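K.L.:
Prediction below, plus the sequence it came from.
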Amino acid sequence: MGEEATHHWIVVLDVENFSSRRDPVQRRVRAAMYRALAEALRRAGITDADTVSEDRGDGVLMLVAPSVSPLLLAGPFVRELDEALGEYAQEANADHALRLRVALHQGLAARDAHGWSGDAVNTACRLVDAQPLRDVLAEALSARLVLAVSDEVHRGVVRHGHRGIDPAAYLRCDFTTKHGETITSWITVPGYPAPPGLPAPGDPAAAAPPAPGAASSG
């Protein structure tokens, strides 16, 4: 039997253009991703005891203990991950480029013998797989990562503007999954004043309803 569901902060990482690469390149990029993740957690002060990870092939599902402040995740962790990716980029060629889509959500998750499950896990995976997030990273040519937070995390954490977190750098993005569910996310790109490719508030395009099937989620 599985464990009782408990609350976690849920972080999902996904490598851009992973499946199009040759197998040896995929292995090297995966190794670089795990090194960058470990370094970012260490620098942000998040210990191994605070996290448990599940490999996704082209990314990572990470469950973070509720005792860890979400301010660390949305602030120092994201900054340190961006820095670690930048350090890797200095020595990597185009074939081995490593850019990440990252999602941050929260909620109940349960573990069984095969891994983690729960509606909150599903939502976090849909956030990281959303086509608008993919499009923003494609537009942000000099970026190393793009971050999407759920509406719950934005309301409870981001919008308050705690030190190290700039709410003005986030733009709202509603998208519809292939199952017909509309999800609200907030997107930011480290190093950019606003995520490129998203309409700003007040732009008529921002009020347009999301197109069905706008996200490639599982």
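P.N.:
Yep, that arrived.
K.L.:
so where's the longest strand in the chain?
P.N.:
strand 100-112 (DSSP state E).
K.L.:
That one: partners in the sheet, and parallel or antiparallel?
P.N.:
Taking DSSP bridges as the criterion, strand 100-112 forms sheet pairs with strand 6-15 (antiparallel), strand 115-117 (antiparallel), strand 145-150 (parallel).
K.L.:
Same question for the second one: list its buried residues.
P.N.:
So the one you mean is strand 115-117. Buried residues in strand 115-117, counted by 16 or more other Cβ atoms under 10 Å: Trp116. Any C-beta I mention is one placed from the backbone N, CA and C, and that applies to glycine too.
K.L.:
all helices of this structure, in order?
P.N.:
Remark: helices assigned in the chain by DSSP state H are 23-44, 70-72, 78-89, 119-129, 131-139, 151-156.
K.L.:
Looking at those, which is nearest to Leu198?
P.N.:
helix 131-139 (6.3 Å; Cβ to Cβ).
K.L.:
Tell me who's in contact with Ala169.
P.N.:
Thr188, Val189, Tyr192, Pro193, Ala194, Pro195 (Cβ atoms under 8 Å, 6 or more residues apart in numbering).
K.L.:
cool, and Arg27?
P.N.:
Arg27 makes contact with no residue, according to Cβ under 8 Å, 6+ apart.
K.L.:
what's around the residue lying closest to Pro70 once chain neighbours are set aside, how many residues?
P.N.:
In space, and not counting its chain neighbours, Pro70 is closest to Val157: 4.7 Å by Cβ to Cβ, 6 or more residues apart in numbering. For Val157, the count of nearby residues is 23 (other Cβ atoms under 10 Å).
K.L.:
Surely Val157 is in contact with Leu72?
P.N.:
No. Using Cβ atoms under 8 Å, Val157 is not in contact with Leu72, being 10.4 Å away.
K.L.:
Tell me, please, where in this structure the pLDDT is lower than the cut-off.
P.N.:
For the chain, the stretches flagged by pLDDT under 70 are 1-2, 200-218.
K.L.:
Would you mind measuring from Arg101 to Gln131?
P.N.:
Per Cβ to Cβ, to the nearest Å, Arg101 is found 11 Å from Gln131.
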